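Structure of the sequence below:
(one chain, ligands or ions: 1)
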Amino acid sequence: VSKPFHAGDRVLFIDHKERRYLVTLEEKGEFHSHAGFVAHANVIGHAEGTTVESTKGAKYVVMRPTLEDFVLEMPRGAQVIYPKDLAPIAMLADIGPGHLVFESGIGSGAMSMTMLRAGARIVGYELREDFASRAKKNVASFLGEEATERFEVHVRDSYAGIELPGQGRFDRAVLDLPEPWQVVPHLASVMQAGGVMVAYTPSITQAVKVREALLGNRGEWVAMRTLEVLHRTWHIEGESVRPDHRMVAHTGFLTTARLLTAR
Ligand SMILES: C[S@@+](CC[C@H](N)C(=O)[O-])C[C@H]1O[C@@H](n2cnc3c(N)ncnc32)[C@H](O)[C@@H]1O
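I've put the predicted structure just below:
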């Protein structure tokens, strides 16, 4: 059973057009929109799914955000990987409880949050200090302090090399940065045999370069695949049942491989 809302909770106000607004509840806070405002006090103490009305009569359903909601609404520095790709990456990389994951870059932390929620421990390399701290704030805000203890971020250039972590070799590696082929050659020195890597690249020429890097030391990597995830939503209303006219035709390519022999 979900707990009643209290001050400090992050909630979504959802209007009749399904527009969403991420809000942190405060005892004396107000949520303002074109339709007047709603005092947070009208939400605090109520159960999830409560409906509130603004001073100008607009109705909002209030719910806690899911991870998908949060990733789409959270404060961002860098471009995030969208939920459509986050879940398949977590599956392809076989992210699970206790896995030690090397992640680079960290950006706004959308991928990190997905893996932390699946129970992973992350050592991340991120070039920009401001992005690293934004990501840590996002993780703490949605997943809580416990998750931040499994999230170690270094302001470092992963093209220059990867240090063996204190916790032992990495089980998994997830790359989302402009030139992942510059990171691939370092992975065999810090990952376990049998480890899985996934690189997300917006362009197919980047994916090709990743594949070439994986082939670089012949026989080191196996089970290479490159794929993309197409996501087509449907319009379902009475007799009108058909694909929506618009779809996001492209986000990125996912390239995965397994390490055969560690160096
Ligand atoms: C597209 S963003 C990552 C977004 C992240 N996957 C997410 O879902 O929120 C790419 C990040 O890689 C970082 N980056 C670029 N080159 C890097 C490098 N050589 N080493 C470490 N990080 C790097 C950038 O600063 C940027 O934050």
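
so where's the stretch 1-150 of the chain shaky on pLDDT?
1 (pLDDT under 70).

Quick one: name the residues of the protein near the ligand.
78-81, 104-105, 107-111, 125-128, 131, 157-159, 176-178 (CB under 6 Å from any ligand atom). (C-beta placed from N, C-alpha, C; glycine too.)

if you set the cut-off to 5 Å instead, what comes out?
78-81, 104-105, 107-108, 110-111, 125-128, 131, 157-159, 176-177 (CB under 5 Å from any ligand atom).

Keep only those of those that are in helices.
Counting by DSSP state H, the part of the residues of the chain next to the ligand found in helices is 110-111, 131.

residues contacting the residue nearest to the spatial centre of the chain?
The centre of the chain sits closest to residue 110, judged by CA atoms, centre = their mean, with a distance of 2.3 Å. For residue 110, the contacting residues are 71, 74, 80-82, 86, by CB atoms under 8 Å, 6 or more residues apart in numbering.

Phi and psi next, for the residue lying closest to it once chain neighbours are set aside.
Excluding the flanking residues, the one nearest residue 110 by CB to CB, 6 or more residues apart in numbering is residue 80, at 3.8 Å. Phi and psi for residue 80, reported as degrees, to the nearest 10, are phi -90, psi 160.

Kindly report the same for the one 5 residues further on.
Backbone torsions of residue 85, given as degrees, to the nearest 10, read phi -100, psi -20.

now swap in residue 115 and tell me
phi -80, psi -40.

before we move on, the earlier item: surely the residue nearest to residue 110 is in contact with residue 106?
No. Applying CB atoms under 8 Å, one finds residue 80 not in contact with residue 106, separated by 10.8 Å.
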